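Engineer: No sequence on hand, only this structure:
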């Protein structure tokens, strides 16, 4: 038991040091023959308690250390498993590039067992023509202490060359000194083959696009040019490099056609495709080229619209030829009308002579009455009105004849077809009468039609003359002219 303190109490605070025990236990000036034994017992007790505390602390620390070691072992196991079974090759080397560790994928890429790779320099597995560049990069990384990544070619001793991507990172100590290197080797032969196939496909497509006579332009969703084939270059005088990235409407379109072309593009984005349109392109020299376009869109894998593709044909020469042919046809038609009128001159003269003869008769009657001095003003007025009416009739015949033989472009009006037929019959009536044939009309009520009246009259006149030729050798021939409305049309 602990010695009692003065006053019969035991000191608190745990065991006392031996000198403190002696001072408190004995009166001053006295000594105890058992002092050494007492002091040794107290010291031993104190030491034992300290040892118990230390033992407990060591036990706790040992438990924590065991847990840490177990956790570290698990982490190392996971690391080794990842290291061993990673799809890419991994190497651990010293700073000079001597292999210390290699995983299965690295062994496969280098075509050597892992135990064989240990201590071998990585450089001997690099293609000979690339080793100088390899060593230069390695030295640069050791001096600059940075991660390097580049593509190179492995050349195993018993296998074909293999393209790989190398990613090399330095392992540093606490003073940023390079202790070793960590290497990632990624086989990119499949990607290289895919790149080659893609390159060939692009060259194939480019060859087709640049040798076809059709214009081909590709636009992004903002209307900027991303492809401009050889035919486009020849048509406009601009090279692809000059127009790439520029909006189509800022470089090649007429200002008054910009909105229409933008509307075509907008329809492609929201409506059905392909669609078609025509518009002019303005070449470098200012020449206008009329292009007929067939347009569609390309989608990406997600189904989102990515590009607008226009395939065009330059129809400038074709349209000019069409206009020339149309003008030639109009000239030919005019000549035919003039020829027809010349052949029917007698009939036309009869048509004109009738109102002229009426005018002469009325005029002579008026003169005779004026000379006789006996005339009735109302009768005289009626005669003069008839003169004016017949003069208007003659003028109308001449005006209609002038319109018929005039050379003018087609002009459509809403017209009564039956009226055109009746007017045309007047030109042919004399010729019909002279042939001995009869002309029968069966004209039903028709709605107004949008036609060029001169062309319709020419058609009717040609039909009548053809019919007269067909019955020229027939006695009592008859020509029927009928107009009807087809309810299905």
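Structural biologist: Everything's here; your move. Since the model is a prediction, treat every value here as computed from it, not as a measurement.
Engineer: Name the SS class of the nearest residue to residue 88 once chain neighbours are set aside, please.
Structural biologist: Leaving aside its sequence neighbours, residue 88 sits nearest to residue 186 (Cβ to Cβ, 6 or more residues apart in numbering; 4.9 Å). Heads up, the C-betas are built off the backbone N, CA and C, glycines and all. Following DSSP: H, G, I helix; E, B strand; the rest coil, residue 186 is assigned to strand.
Engineer: next one: the one 5 residues further on
Structural biologist: Secondary structure, three-state DSSP: residue 191 is helix.
Engineer: any idea how far it lies from residue 204?
Structural biologist: Using Cβ to Cβ, to the nearest Å, residue 191 is found at 20 Å from residue 204.
Engineer: Low-confidence regions, the protein specifically.
Structural biologist: 1-39, 79, 159, 328-351, 353, 375, 397, 400-411, 427, 489 (pLDDT under 70).
Engineer: Show me what counts as buried in stretch 421-428.
Structural biologist: Buried residues in stretch 421-428, counted by 16 or more other Cβ atoms under 10 Å: 421, 423, 424, 425, 427, 428.
Engineer: Okay, and the third one sits in which element?
Structural biologist: Right, the one you point to is residue 424. Following DSSP states H and E, one finds residue 424 within helix 417-435.
Engineer: Check residue 295 too.
Structural biologist: Assigned by DSSP H and E, residue 295 falls within strand 288-299.
Engineer: strand partners of that strand, parallel vs antiparallel please.
Structural biologist: Sheet pairing of strand 288-299 (DSSP bridges) gives strand 275-282 (antiparallel), strand 305-314 (antiparallel).
Engineer: next one: the shortest one to chain centre, how far?
Structural biologist: In this view, strand 275-282 has its centroid 17 Å away from the chain centroid, taken as Cα atoms, centre = their mean, to the nearest Å.
Engineer: which residues are in contact with it?
Structural biologist: 235-236, 252-254, 257, 260-261, 264, 267-268, 288-295, 315 (Cβ atoms under 8 Å, 6 or more residues apart in numbering).
Engineer: and if you look at stretch 128-148?
Structural biologist: 95, 97, 123, 126, 150, 152-153, 155, 166-170, 172, 176, 178, 181.
Engineer: how about 6 Å then?
Structural biologist: Contact partners of stretch 128-148, identified using Cβ atoms under 6 Å, 6 or more residues apart in numbering, comprise 123, 126, 152, 153, 168, 169, 170, 178.
Engineer: who are the neighbours in contact with the closest residue to residue 274 other than its chain neighbours?
Structural biologist: Sequence neighbours aside, residue 296 is the residue nearest to residue 274 in space, at 4.0 Å (criterion: Cβ to Cβ, 6+ apart). Residue 296 is in contact with 273, 274, 309, counting by Cβ under 6 Å, 6+ apart.
Engineer: out of the residues you listed, who's nearest residue 458?
Structural biologist: Proximity of the contacts of residue 296 to residue 458 (Cβ to Cβ) peaks at residue 274, which lies at 40.8 Å.
Engineer: Can you classify residue 179 by secondary structure?
Structural biologist: Secondary structure, three-state DSSP: residue 179 is strand.
Engineer: Return the residues in contact with it.
Structural biologist: The contact partners of residue 179, taken as Cβ under 6 Å, 6+ apart, are 171, 173.
Engineer: Look up how far residue 147 lies from it.
Structural biologist: 15 Å.
Engineer: just residue 269 next, same as before
Structural biologist: Counting by Cβ to Cβ, the separation of residue 269 from residue 147 is 44 Å.
Engineer: now do residue 395
Structural biologist: Separation of residue 395 from residue 147 (Cβ to Cβ): 102 Å.
Engineer: Check residue 91 too.
Structural biologist: Using Cβ to Cβ, residue 91 is found at 15 Å from residue 147.
Engineer: Could you do residue 54 as well?
Structural biologist: With Cβ to Cβ as the criterion, residue 54 and residue 147 are 48 Å apart.
Engineer: For residue 263, pull up the helix or strand it's in.
Structural biologist: Element membership of residue 263 [criterion: DSSP H and E] is helix 258-270.
Engineer: Which positions in that helix come out as buried?
Structural biologist: For helix 258-270, a neighbour-count test (16+ other Cβ under 10 Å) marks 261, 264, 265, 268 as buried.
Engineer: Quick check: of the residues you listed, which lies closest to residue 226?
Structural biologist: residue 265 (13.7 Å).
Engineer: Quick check: bridge partners of the closest residue to the closest one other than its chain neighbours?
Structural biologist: Among residues not flanking residue 265 along the chain, residue 308 sits closest, at 5.8 Å (Cβ to Cβ, 6+ apart). Beta-bridge pairing for residue 308 (DSSP bridges): residue 219, residue 297.
Engineer: show me what contacts residue 308?
Structural biologist: Applying Cβ under 6 Å, 6+ apart, we find residue 308 in contact with 219, 265, 268, 297.
Engineer: before we move on, the earlier item: in ChimeraX, how would I select the buried members of the contacts of strand 275-282?
Structural biologist: Of those, the buried ones can be selected in ChimeraX as follows, counting by 16+ other Cβ under 10 Å:
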select :235,236,252,253,257,261,264,268,289,290,291,292,293,295
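Engineer: how close does residue 138 sit to residue 71?
Structural biologist: For residue 138, the distance to residue 71 - Cβ to Cβ - is 35 Å.
Engineer: quick one: which of the two has more around it?
Structural biologist: Neighbours per residue (other Cβ atoms under 10 Å) separate residue 138 from residue 71, with residue 138 holding more: 20 against 10.
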